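**Student:** What shape does this take:
(2 chains)
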There are 2 protein chains.
Amino acid sequence: MDAVVISPARRSPSADLLALLQRRFEERLSTSQAVLLQHGTDESAYAPQPPDAVVFVQSTDEVAFVVRACARERVPVIGFGVGSSVEGHLLAVQGGVCIDFSRMNRVLAIRGGDLTATVEAGVTRGQLNAALADSGFFFSVDPGADASIGGMVATAASGTNTVRYGTMRDNLVNLTVVTADGEVVRTATQARKSSAGYNLTQLYCGSEGTLGLITEATVRLHPHPEAHAAAVVHFPSVRAAVDVVIEAIQLGVPLARAEMLDALTIRAVNAHSRTTLAEQPTLFLEFGASKAQIDEQAELVREIVAGHGGGAFQWALRQEERSRLWTPRHHAYFACLQLRAGCRSLTTDACVPLSALAQCIDETQADIAEHGLLAPVFGHVGDGNFHCLVLVDPDDAAQNAAAEAFSHRLVQRALRHGGTSTGEHGVGLHKMQYLVEEHGAQAVGLMRAIKRALDPHDIFNPGKVVGHAAV
Amino acid sequence: MDAVVISPARRSPSADLLALLQRRFEERLSTSQAVLLQHGTDESAYAPQPPDAVVFVQSTDEVAFVVRACARERVPVIGFGVGSSVEGHLLAVQGGVCIDFSRMNRVLAIRGGDLTATVEAGVTRGQLNAALADSGFFFSVDPGADASIGGMVATAASGTNTVRYGTMRDNLVNLTVVTADGEVVRTATQARKSSAGYNLTQLYCGSEGTLGLITEATVRLHPHPEAHAAAVVHFPSVRAAVDVVIEAIQLGVPLARAEMLDALTIRAVNAHSRTTLAEQPTLFLEFGASKAQIDEQAELVREIVAGHGGGAFQWALRQEERSRLWTPRHHAYFACLQLRAGCRSLTTDACVPLSALAQCIDETQADIAEHGLLAPVFGHVGDGNFHCLVLVDPDDAAQNAAAEAFSHRLVQRALRHGGTSTGEHGVGLHKMQYLVEEHGAQAVGLMRAIKRALDPHDIFNPGKVVGHAAV
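**Tutor:** Numbering: from 1, shown residues only, chains lettered A, B, ... in the order given. Below is the predicted model:
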């Protein structure tokens, strides 16, 4: 997968445009090879595709200035948060100007009375939660990486907390967006809900920088539960582990997190974190409530676990113990990478209806075995979402091709089970090929009509998601 | 408000088109005056605007047939659920064909394992919950009226349960939609979340029939809590009642419902329901959890109530007692209508950030007093959403004008407090005038670009929401 799928003609900025940007941004405009390379590289397996220039913006008005300048020449504009996307989202396949949001990192408002905060797009979830430290509230969405909020909105990110607190989509109040005309739009008011017109907030969320550039976001906050408890439980099968989570959800247990790691992932984390967990399908659970409620929830889950042949619980109540107990899960990605020296990972992202999850993972593990792949599996079970890290030697073309073929079969399998080609990573370049199969040509046609209506000259992150021209 | 705001040229179906529909639908096509009048009347104060014909469809394919037939002549197509909308949504201001969904009332699937159900658009929330009676699950969205699910999606409805379970928007998995080409599109798979392309589900939700016709919806289900408890508490002020709810939410108490009725509303319900509630601002609360958790939550709320000068709780635990205790709230609308014989109500719908709610209601009550209006106030406090029923003699032009002027000031006040012109009723005809003020001309321009992209010939419920041509 070293070659980029789409490589139409490059639309690079003219010398005049670069000079204009230079005058306005001075040392905050960069065309150094190192900076360009960094901004043309994400966590996908694609080869880097650097932009022609990078602007380190400090305000919405500066973003609007760049967009207006680029729009005149129809030069692509690509947003960049921290570069943690995994499907080729930020590669400058047609060249253009990259807008780096890392200096738009101010937390603009924390409103405890409204349970909201407004941040600039470059604020990371870690920065926001640090700013919230003494507020009694937290921002829930946790995709693993310390991604920027703008990037998380753009990909409709989610993660381990979603089973309890919802996805990025569920935690948005409004966005500030720069349009293709270089105008600044706020998509909604500060009210928690509204029926006033088409929902632009949800349209931009998940649009991956192809309809406009998100410069600010107002997000929902949640109060910290009175107490937390964490537990680790082993199971004889993936199905047993998955069924426990589904049954708990059906009974209304408000699990704070419910992560399943397969036996191979446990082997990897044991090696990496020097733990001695049984190498079996394992649930990492977290409860957050009052102490009495946690006892009640845990008792209920213990009964469900016993009914599915699960093992004894390892418990942790205090913060340090909980961190220690969850360390293997938090390090799972890096632990898995070390299963094979010098390898890299093709990270997949399938999401299916809950009732199909166990079957879909079973079939996926059979596929892994059949094709002799090294591919740990773990997932956000309560959402029906799971990932495989297919470990490959980056220089071995056959291994890369086998991983790509596996990814293809996994998408087909997820679609067959009524699921989606991506639960949380987004489309980028890599999943474009599946959109028609997933949604049908008519639905993709509607999406493309929206793209053409809001970005007529195809300047926003061109060549991604649904593209611009006819398929 | 008897005159309709927008009355462009009528685009009535030709005799050929009516004959075509007649051949296909036989007695399910109606042009009788009584049927037309019923389908051109909603719960707003607008005079009826009947369509030219009504088709009682039985399938998505039939909807597609009607749309294709009407599209050829650019004849408007207007969806009709149960006619409970309140802002003129369904008035046939340009004539056209009304599609009545009441015979598309099949519950197509209940998937306990996925916590979802798929219904035809004409299924009402009451019908769905009846079908779920033995499942252990329920559909949460409750706007008061027994609205159709399709209509609730179209207006992004919410209601008393939203504080706990979210709006219609939060409870959608996917939609089946008929497009302007008469094609059938499913907006998403059955997965609980997805990042695969632009979110068509959330675009159609709240589009009020102006972008396409929703024919099926997959919605989320929730498990019934183990137990419920209801409580009624009186307060010295609206502010005290509102602050109690906000503080409870800030402390993470998962209130199932939290409704505030002002003193005048209590006077109305006392007269209507023969209750003897103190004529003070009053909270109707509902808890849903395990018995032990309810005790814990109630204890916490009791402390908060005491801190704000609230009175003693009246409690109800058993189903019949709870129903009895909540009767005044459920009958509030009809009770208020009886405050003045022969009156009708202009029902407003403002929603502001939680922290501004008490102030906004205070100012609204001062406005009501200053202008000598009879206007009970009640609201979904946990969402920042409240309604005033302005009671007027339908034949008194001055009263009607005064009510309309009040509604105008209320919208201005909500916007000034960072809120929205409609929290849950939708735009219809009545709130169109505020969209630019609320969102800005640029944002409304984006909405209109979307309308033109998805409905180029303006056949879907024309003249509503953002319209089609330039402002």
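**Student:** Please make it C-alpha for all contacts and neighbour counts, starting now.
**Tutor:** Fine.
**Student:** Quick check: residues of the stretch 1-150 of chain A near chain B?
**Tutor:** A:112-115 (CA under 8 Å from any CA of the partner chain).
**Student:** run the last query once more with 7 Å
**Tutor:** A:113-114 (CA under 7 Å from any CA of the partner chain).
**Student:** so, in contact with chain B or not, the one helix or strand residue A:218 maps to?
**Tutor:** Per DSSP states H and E: residue A:218 is located in strand A:213-220. No - applying CA under 7 Å from any CA, one finds strand A:213-220 separated from chain B by no less than 11.6 Å.
**Student:** can you dump the C-alpha coordinates of that strand into CSV?
**Tutor:** C-alpha atoms of strand A:213-220 as CSV (Å, rounded to 0.1, in the frame of the first residue of the first chain):
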residue,chain,number,x,y,z
LEU,A,213,-12.4,23.9,8.0
ILE,A,214,-13.5,23.5,11.7
THR,A,215,-11.8,26.2,13.7
GLU,A,216,-13.7,26.1,17.0
ALA,A,217,-16.0,23.6,18.8
THR,A,218,-18.3,23.8,21.7
VAL,A,219,-18.5,20.4,23.3
ARG,A,220,-20.5,18.8,26.1
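**Student:** Surely residue A:240 and residue A:308 touch.
**Tutor:** Yes - using CA atoms under 7 Å, residue A:240 is in contact with residue A:308, at 5.5 Å.
**Student:** so after the strand holding residue A:218, what's the next helix or strand?
**Tutor:** strand A:222-223.
**Student:** residues from the stretch 201-350 of chain A in reach of chain B?
**Tutor:** So far as CA under 7 Å from any CA goes, the stretch 201-350 of chain A lies against chain B at A:202-203, A:206-207, A:223, A:225, A:250-252, A:293.
**Student:** farthest-separated two in the residues you listed?
**Tutor:** Using CA to CA, these span at most 39.1 Å, a distance reached by A:207 and A:293.
**Student:** Mind giving me the ChimeraX command for buried ones among the residues of the stretch 201-350 of chain A next to chain B?
**Tutor:** Restricted to buried positions by 16 or more other CA atoms under 10 Å in any protein chain shown, the ChimeraX selection for those reads:
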select /A:202,203,206,207,223,225,250,251,252,293
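**Student:** Could you check how far the longest helix seen in chain A is from the centre of its chain?
**Tutor:** In chain A, ranked by residue count with DSSP state H as the criterion, the top helix is helix A:397-416. Distance, stretch centre to chain centre, for helix A:397-416: 20 Å (CA atoms, centre = their mean, to the nearest Å).
**Student:** For the closest residue to residue A:258 other than its chain neighbours, give me its contacts.
**Tutor:** Distances taken as CA to CA, 6 or more residues apart in numbering or on different chains place residue A:285 nearest to residue A:258, at 4.7 Å, with adjacent residues excluded. If you count contacts by CA atoms under 7 Å, 6 or more residues apart in numbering or on different chains, residue A:285 has them with A:230-232, A:257-259.
**Student:** now do residue A:160
**Tutor:** Contacts of residue A:160 by CA under 7 Å, 6+ apart are A:142-143, A:257, A:259, A:380.
**Student:** So which of the residues you listed sit within strands?
**Tutor:** Within these, membership in strands is found for A:257, A:259, A:380, as judged by DSSP state E.
**Student:** which of these count as buried?
**Tutor:** With neighbours counted by 16+ other CA under 10 Å, the ones in strands among the contacts of residue A:160 contain buried members at A:257, A:259, A:380.
**Student:** The last one contacts residue A:255, doesn't it?
**Tutor:** No - applying CA under 7 Å, one finds residue A:380 not in contact with residue A:255, separated by 11.6 Å.
**Student:** low pLDDT regions in chain A?
**Tutor:** By pLDDT under 70, the low-scoring segments of chain A are A:1-8, A:469-471.
**Student:** mind giving me the domain ranges of it?
**Tutor:** A:1-224, A:227-333, A:340-428 (automatic domain parsing).
**Student:** one step back: which residues are in contact with the strand holding residue A:218?
**Tutor:** Applying CA under 7 Å, 6+ apart, the contact partners of strand A:213-220 are A:60, A:79, A:115-121, A:150, A:171-179.
**Student:** cutoff 6 Å now
**Tutor:** Residues outside strand A:213-220 that contact it (CA atoms under 6 Å, 6 or more residues apart in numbering or on different chains): A:60, A:115-121, A:171-178.
**Student:** what's stretch A:176-185 in contact with?
**Tutor:** Outside stretch A:176-185, the residues touching it (CA under 6 Å, 6+ apart) are A:64, A:67-68, A:186, A:212-216, A:455, B:443.
**Student:** Please repeat the previous calculation with a cut-off of 7 Å.
**Tutor:** Contacts of stretch A:176-185 (CA under 7 Å, 6+ apart): A:64-65, A:67-68, A:186-187, A:212-217, A:454-455, B:442-443.
**Student:** next one: that stretch to chain centre, how far?
**Tutor:** 24 Å.
**Student:** next one: stretch A:344-362
**Tutor:** When distances are taken as CA atoms, centre = their mean, stretch A:344-362 is centred 15 Å away from the chain's centroid.
**Student:** what do you get for stretch A:104-117?
**Tutor:** Relative to its chain's centre, stretch A:104-117 lies at 22 Å (CA atoms, centre = their mean).
**Student:** Show the end-to-end separation of it, please.
**Tutor:** 15 Å (CA to CA, to the nearest Å).
**Student:** May I see the buried residues of it?
**Tutor:** A:104-107, A:110-112, A:114-117.
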